[in-house]
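> Fold the stuff below for me.
(chains A and B)
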There are 2 protein chains.
Amino acid sequence: MSLQNIRVVLVNTSHAGNIGGAARAMKNMGLSRLVLVDPEDFPSSDAVARASGATDILDGAQVVATLEEALVGCTLVLGTSARDRRIPWPLLDPRECATASLEQAEQGGEVALVFGREYAGLTNGELQRCHFHVHIPSSPEFSSLNLAAAVQVLTYEVRMAWLAVQGQPTKMEKLETTAMLDVQPVTADELEHYFGHLEQTLIEIGFLDPAKPRHLMPRLRRLYGRSGISKLEMNILRGILTETQKAVRGEPHERRQE
Amino acid sequence: MSLQNIRVVLVNTSHAGNIGGAARAMKNMGLSRLVLVDPEDFPSSDAVARASGATDILDGAQVVATLEEALVGCTLVLGTSARDRRIPWPLLDPRECATASLEQAEQGGEVALVFGREYAGLTNGELQRCHFHVHIPSSPEFSSLNLAAAVQVLTYEVRMAWLAVQGQPTKMEKLETTAMLDVQPVTADELEHYFGHLEQTLIEIGFLDPAKPRHLMPRLRRLYGRSGISKLEMNILRGILTETQKAVRGEPHERRQE
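Just a heads-up that it's a prediction; the model follows:
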């Protein structure tokens, strides 16, 4: 079932109790895959106490060192964001986030819902690894939700969306009807490789000055991140970069078009 | 404003931390009126700690001995219920509960959202004092939410309903307005110029063979066409093509990044 394709990623959590609360919220809403990026205190009896029976989620939690590891294989990455950012990013509310997550999961993609630190949230660098930002519409005067409460809201919306699509033809079936054969989405790590390749190429052609990068790469990340790039399209984009590098370096090239 | 007409009633709560968590969730969602029916431990430092700044809600909480006192003046009473009951009752999901609450509050009525004990919920007698029951659609295998998490879900839905009926722009819309600074979309003719420039550049770097174009340009059109490219992003993409051409032709370039 599609809910298995949706993972919850908690970045650098300080309070183990929140990990337990998040696990309980997940299990209540039918989610099971928890990934912890560099937690400060885990495993922990506080987590077990707050999980209140959802210990299987804690026992099965994957602990990794970096956000990159947590996102391996993901085709859609949604990061919670409390604040206005200088570089505006495609922004969803929790309901839109749930719809997008379910659609992606029904197509066989892997989705990550990423939650930041209790006091500092996600860094700008981490937020730029997300395809979309999700903002829980809280009161402007008191906007910061408890971490487990934020997990509860997003997973609740995912369950509501999941219940709404039960019994209806899935997106996958619709897509198969349309016979689109190249909609297999790229994963977050494939997208990261592309951004690395793109940045290197932009330096080689003299468009990007590494000493003064300004907002160029974040803007390109935002553009390509929201575009839902397929594996076939990624092959084309990578091919363009490779041929550009060869042409600039004066190397011979073969034609590598699709 | 109508949110002031919606009170949260917690019946016979065991853990003061949950009262604090509920207060925080309420303040996050713009609610302020908390009524505690015979709490086991209140006031409490645990409640203050979990409220995390929402102490004004705790300080203003009304403590009463019976549910009847908590419901004085209420025109609509909604009770959370985890279980199927022997006596069927009109049952709402959290979204329907929020819509009904807002409608009542906008008409000047007083609404109570009633939450039961951590382990035993509301008694049948208490549930029969409610006009409607509300069930949070949790997983049948693990259905009992933490009390503060349940308050978070219902108050979140109330805020979503409240935002939907506001004539004023929501936080989300304001953010989008800010983002508008660089989301002015490109026009169809600007996109056509881009595709012409892109095709020419792909020929120059040797990636596209005009004699055998295959499906390369249609595929790139589909990708960029669906991405909702802004004028600023178009300037960046055009700049990349121009610098690529200069680099391939061996012409001197200025750095033209954004």
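> Name the SS class of the residue of the stretch 51-200 of chain A found nearest chain B, please.
Closest residue of the stretch 51-200 of chain A to chain B, Cβ to the nearest Cβ: A:Pro88 (3.2 Å). Yep, even glycine has a C-beta here, placed from its N, CA and C like the rest. Using DSSP: H, G, I helix; E, B strand; the rest coil, the structure places A:Pro88 in coil.
> now swap in the one 10 residues further on and tell me
At A:Ala98 the chain is in helix, as set by three-state DSSP.
> How about A:Ala112?
When classified by three-state DSSP, A:Ala112 comes out as strand.
> which residues touch it?
Neighbouring residues of A:Ala112 by Cβ atoms under 8 Å, 6 or more residues apart in numbering or on different chains: A:6-9, A:35, A:70-71, A:74, A:76-78, A:188.
> ok, now A:Pro252?
Applying Cβ under 8 Å, 6+ apart to A:Pro252 gives the contacts A:Lys246.
> before we move on, back to that, near the residue of the stretch 51-200 of chain A closest to chain B, how many other residues are there?
Close neighbours of A:Pro88, defined as other Cβ atoms under 10 Å in any protein chain shown, add up to 19.
> Over to the one 5 residues further on?
If you count neighbours by other Cβ under 10 Å, A:Asp93 ends up with 17.
> In terms of pLDDT, where does it sit?
Per-residue pLDDT puts A:Asp93 at 95.
> Quick check: it touching A:His135?
Yes. Here A:Asp93 reaches A:His135: they are 6.6 Å apart, a contact under Cβ atoms under 8 Å.
> follow-up on the earlier one: just curious, which of the contacts of A:Ala112 is nearest to B:Gly250?
If you rank the contacts of A:Ala112 by distance to B:Gly250 using Cβ to Cβ, A:Ala188 comes first, at 37.2 Å.
> residue contacts, the closest one?
Applying Cβ under 8 Å, 6+ apart to A:Ala188 gives the contacts A:71-75, A:77, A:112, A:129.
> State the distance from it to A:Arg238.
Distance of A:Ala188 to A:Arg238, computed by Cβ to Cβ, to the nearest Å: 16 Å.
> can you check A:Ser230 too?
A:Ser230 sits 13 Å away from A:Arg238, going by Cβ to Cβ.
> quick one: the strands in the stretch 51-200 of chain A?
Shown for the stretch 51-200 of chain A, the strands assigned by DSSP state E, counting those that start in this stretch span residues A:62-64, A:76-80, A:91-92, A:111-115, A:132-134.
> what pairs with the third one, and is each one parallel or antiparallel?
If I follow you right, that is strand A:91-92. Strand A:91-92 pairs in its sheet with strand A:132-134 (parallel), by DSSP bridges.
> try the fourth one
When sheet partners are counted by DSSP bridges, strand A:111-115 sits next to strand A:6-11 (parallel), strand A:76-80 (parallel).
> need these in CSV with mean neighbour count and mean pLDDT, can you?
Listed next are these as CSV, based on neighbours: other Cβ atoms under 10 Å in any protein chain shown; pLDDT from 0 to 100:
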stretch, mean neighbour count, mean pLDDT
strand A:6-11, 25, 98
strand A:76-80, 25, 96
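> Which among these is found nearest to B:Gly196?
The closest of the strands paired with strand A:111-115 to B:Gly196 is strand A:76-80. By Cβ to Cβ, the value is 32.2 Å.
> Identify all contacting residues around the closest one.
Contact partners of strand A:76-80, identified using Cβ under 8 Å, 6+ apart, comprise A:71, A:92, A:97, A:100-101, A:104, A:109-116, A:121-122, A:126-127, A:129-136, A:150, A:154, A:185, A:188, A:225.
> hmm, try it at 6 Å
With contact meaning Cβ atoms under 6 Å, 6 or more residues apart in numbering or on different chains, strand A:76-80 is reached by A:71, A:97, A:104, A:109, A:111-115, A:122, A:127, A:130-134, A:150, A:188.
> Take the strands of the stretch 51-200 of chain A and lay them out in a markdown table including distance to B:Tyr194.
Formatted as a markdown table, the strands of the stretch 51-200 of chain A follow (distance: least, Cβ to Cβ, whole Å):
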| stretch | distance to B:Tyr194 |
| --- | --- |
| strand A:62-64 | 39 |
| strand A:76-80 | 26 |
| strand A:91-92 | 25 |
| strand A:111-115 | 31 |
| strand A:132-134 | 24 |
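> for those strands, which one sits closest to B:Ala82?
Checked against Cβ to Cβ, the stretch from those lying closest is strand A:111-115, at 24.7 Å.
> A:Val37 against A:Ala70, yeah?
Yes. In this structure A:Val37 lies within contact range of A:Ala70 using Cβ atoms under 6 Å: 5.1 Å.
> Just send the contacts of A:Ala188 back as CSV, with distance to B:Met26 too.
Output for the contacts of A:Ala188, formatted as CSV (distance: Cβ to Cβ, whole Å):
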residue, distance to B:Met26
A:Leu71, 34
A:Val72, 38
A:Gly73, 38
A:Cys74, 34
A:Thr75, 36
A:Val77, 31
A:Ala112, 29
A:Arg129, 33
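> now, among those residues, which is nearest to B:Ile57?
Checking the contacts of A:Ala188 against B:Ile57 with Cβ to Cβ, the nearest one is A:Ala112 at 33.2 Å.
> Not counting its neighbours along the chain, what's nearest A:Ser44?
Leaving aside its chain neighbours, A:Ser44 sits nearest to A:Ala16 (3.4 Å; criterion: Cβ to Cβ, 6 or more residues apart in numbering or on different chains).
> Ignore what I typed, I meant A:Ala54.
Nearest residue to A:Ala54 in three dimensions, chain neighbours excluded: A:Lys27, at 3.9 Å (Cβ to Cβ, 6+ apart).
> what's near enough to touch the one you found?
Contact analysis of A:Lys27 by Cβ under 6 Å, 6+ apart lists A:54, A:57, B:142.
> Reformat the strands paired with strand A:111-115 into a markdown table and put distance to A:Leu220 next to each item.
Shown next, in a markdown table, are the strands paired with strand A:111-115 (distance: least, Cβ to Cβ, whole Å):
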| stretch | distance to A:Leu220 |
| --- | --- |
| strand A:6-11 | 23 |
| strand A:76-80 | 16 |
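> Between the strands of the stretch 51-200 of chain A, which one is closest to A:Gln245.
Nearest to A:Gln245 among these is strand A:76-80; the distance by Cβ to Cβ comes to 27.5 Å.
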